[in-house]
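Enquirer: Task: produce atomic coordinates for the following.
(chains A and B)
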Amino acid sequence: MPSLKDLKGRIASVKSTQKITKAKQMVAAAKLRRAQEAAEAAKPYSMRLAGVIANLTAASTGGQGPKLLTGTGKSDTHLLIIMTAERGLCGGFNANTVKKAREEIMRLKGEGKTVKIITVGKKGREQLMRTHGDLMVSHIDTSSARNSDDLAEIALQLGKDLNAGFEAGEFDVASLIYAQFKNVISQVPTAKQLVPAEPPEDVPTVDLKGATYIYEPSEDDILETLLPRYLNTLILSALLESAAGEQAASMTAMDNATNNAGELIDKLSLQYNRARQAQITKELIEIISGAEAL
Amino acid sequence: MSEKLNFSLVSPARELFSGEVDHVIAPGSEGEFGVLPNHAPFMSTLRSGRVRIIDGDEVHRYFVHGGFADVTPEGLTILAEEAIRLEDLDHDGILDAIAEAERVRDGASDQAIRFKAEGDVQRLKAQLDALEDAHH
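Expert: So this is what the prediction gives:
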């Protein structure tokens, strides 16, 4: 039976924990709103670009397209770009993405492919280091990214590296593994193939009313310049979704923690009150029996 | 001329301009072109430079870099890797940035850094040109 003093101490400590989780939840909620706005703001660009790419790939002469679209003709070496958060305290967010990544790695290895990994975000790197450290070729630190412009910069750099690596024949297929932001309570770990680029599906096509496009320069030249940009956009939107997902997961996790702390406080308070009552009763009995003995 | 052109200018981070205008002049990679309402479907890459949006008496000017224009019967969309309102560009600031980028470029031993700095110099010079053009 813990003493009254112990109970008091424990209640105080759980209360201060609750204050912290509550604050963290509110911070995550504010950040989530900003991250969601950033993800929303980036949508028009990626939608339009996806539409244009879909049009162009449909119009482009088969087989002659740029390599980024057609691939190397092999699929021996797979590059996985795994996006996680820089920080913990966000429930199963990182663990789920890492789990998905592990499954992909196992699947590819089972098929006898060579796997290379680029990690984005510290948490994924830490978790994959133990089991797949030998596969890692590079790591990207996003801890200094404060807003969507910083993320755009990172996406640009990653896209460039990807392009250079592909040109140099370092890999045949590249995929992204990230947590797709469905909504605030659901982030789904998703694998998305980047190279060879898959023409986007279900984008609204524009009715040209019988006219044909005039291309300047040629279709293939345009496709050549646009594809790397399309990759950047895919990477950027994954980064933005991942950032929003992290905050959403963090908010949910901290909300749960705050609730749990509340329950714990209730339980401890009950125990404290009972113990106090018991002590008062005991003291009264002592006084009464003392008086009776006289 | 009652008909209007539906125009939007978007960068990866946000939509900068969206609305109905009379006329847009964009710096195509194979020459400057103007787009009026009911233009034929047209697709072109853009060089770094100035986009002019003309709506009645109003003229909006933007600097775009790494851009691309798509004209459909629904209107004109310009997608640009970078787009800034010309008024937001600061002439002296750009001169300083050019000097800084050139210093980095000439002092860099790493190929990648030199390339990046060179790219910055080119982009900033294009900004400067666009800005100086605007005064004429």
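Enquirer: what's the top helix by length along chain B packed up against?
Expert: Secondary structure of chain B per DSSP state H: the longest helix is helix B:111-134. Under the contact definition 3 or more C-beta pairs under 8 Å, 6 or more residues apart in numbering or on different chains; DSSP states H and E, helix B:111-134 sits against strand B:49-55, strand B:58-72, helix B:91-107. The C-beta positions use only the backbone N, C-alpha and C, and glycine is treated the same way.
Enquirer: Tell me the buried residues in the longest one?
Expert: It refers to helix B:91-107. Residues B:94, B:97, B:98, B:101, B:102, B:104, B:105 are the ones in helix B:91-107 that count as buried (16 or more other C-beta atoms under 10 Å in any protein chain shown).
Enquirer: any idea of the pLDDT on residue A:252?
Expert: Confidence at residue A:252, expressed as pLDDT, is 94.
Enquirer: Quick one: work out the angle between the longest helix of chain B and strand B:58-72.
Expert: Per axes from the mean of the first three to the mean of the last three C-alpha atoms, to 10 degrees, the angle that helix B:111-134 makes with strand B:58-72 is 120 degrees.
Enquirer: Quick one: mean pLDDT over helix B:111-134.
Expert: 81.
Enquirer: Now do the contacts for the residue nearest to residue A:135 when sequence neighbours are not counted.
Expert: Excluding its sequence neighbours, the residue lying closest to residue A:135 (C-beta to C-beta, 6 or more residues apart in numbering or on different chains) is residue A:117, at 4.7 Å. Applying C-beta atoms under 8 Å, 6 or more residues apart in numbering or on different chains, we find residue A:117 in contact with A:79, A:80, A:81, A:82, A:101, A:105, A:128, A:132, A:135, A:136, A:137.
Enquirer: Just the buried residues from these, in ChimeraX please.
Expert: A single ChimeraX command selects the buried members of the contacts of residue A:117 (16+ other C-beta under 10 Å):
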select /A:79,80,81,82,101,105,128,132,135
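Enquirer: Tabulate the contacts of residue A:117 in JSON lines, adding columns for pLDDT, secondary structure and distance to residue A:261.
Expert: Formatted as JSON lines, the contacts of residue A:117 follow (pLDDT from 0 to 100; DSSP: H, G, I helix; E, B strand; the rest coil; distance: C-beta to C-beta, whole Å):
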{"residue": "A:79", "pLDDT": "93", "secondary structure": "strand", "distance to residue A:261": "43"}
{"residue": "A:80", "pLDDT": "94", "secondary structure": "strand", "distance to residue A:261": "38"}
{"residue": "A:81", "pLDDT": "94", "secondary structure": "strand", "distance to residue A:261": "37"}
{"residue": "A:82", "pLDDT": "94", "secondary structure": "strand", "distance to residue A:261": "33"}
{"residue": "A:101", "pLDDT": "94", "secondary structure": "helix", "distance to residue A:261": "32"}
{"residue": "A:105", "pLDDT": "94", "secondary structure": "helix", "distance to residue A:261": "37"}
{"residue": "A:128", "pLDDT": "92", "secondary structure": "helix", "distance to residue A:261": "32"}
{"residue": "A:132", "pLDDT": "89", "secondary structure": "helix", "distance to residue A:261": "36"}
{"residue": "A:135", "pLDDT": "91", "secondary structure": "helix", "distance to residue A:261": "40"}
{"residue": "A:136", "pLDDT": "90", "secondary structure": "strand", "distance to residue A:261": "38"}
{"residue": "A:137", "pLDDT": "90", "secondary structure": "strand", "distance to residue A:261": "42"}
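Enquirer: Give me the contact list for the one helix or strand residue B:24 maps to.
Expert: Take DSSP states H and E as the rule and residue B:24 turns out to sit in strand B:23-28. Strand B:23-28 is contacted by residues A:216, B:5, B:7, B:32-36, B:44-55, B:64, B:67, B:69, B:76, B:78 when judged by C-beta under 8 Å, 6+ apart.
Enquirer: and which of the contacts of residue A:117 is nearest chain B?
Expert: residue A:137 (16.4 Å; C-beta to the nearest C-beta).
Enquirer: didn't that closest one look like it was pressed against residue A:116?
Expert: Yes - Residue A:137 is within contact range of residue A:116, at 4.8 Å (criterion: C-beta atoms under 8 Å).
Enquirer: relative to strand B:58-72, how tilted is the one helix or strand residue A:286 maps to?
Expert: Element membership for residue A:286, per DSSP H and E: helix A:219-293. Per the same axes, to 10 degrees, the angle that helix A:219-293 makes with strand B:58-72 is 100 degrees.
Enquirer: that older thread, name the residues contacting each of residue A:137 and residue A:116.
Expert: residue A:79.
Enquirer: Can you tell me the element the residue nearest to residue A:98 when sequence neighbours are not counted falls in?
Expert: Closest residue to residue A:98 apart from its sequence neighbours, by C-beta to C-beta, 6+ apart: residue A:127 at 4.6 Å. Residue A:127 is part of helix A:122-132 when elements are defined by DSSP H and E.
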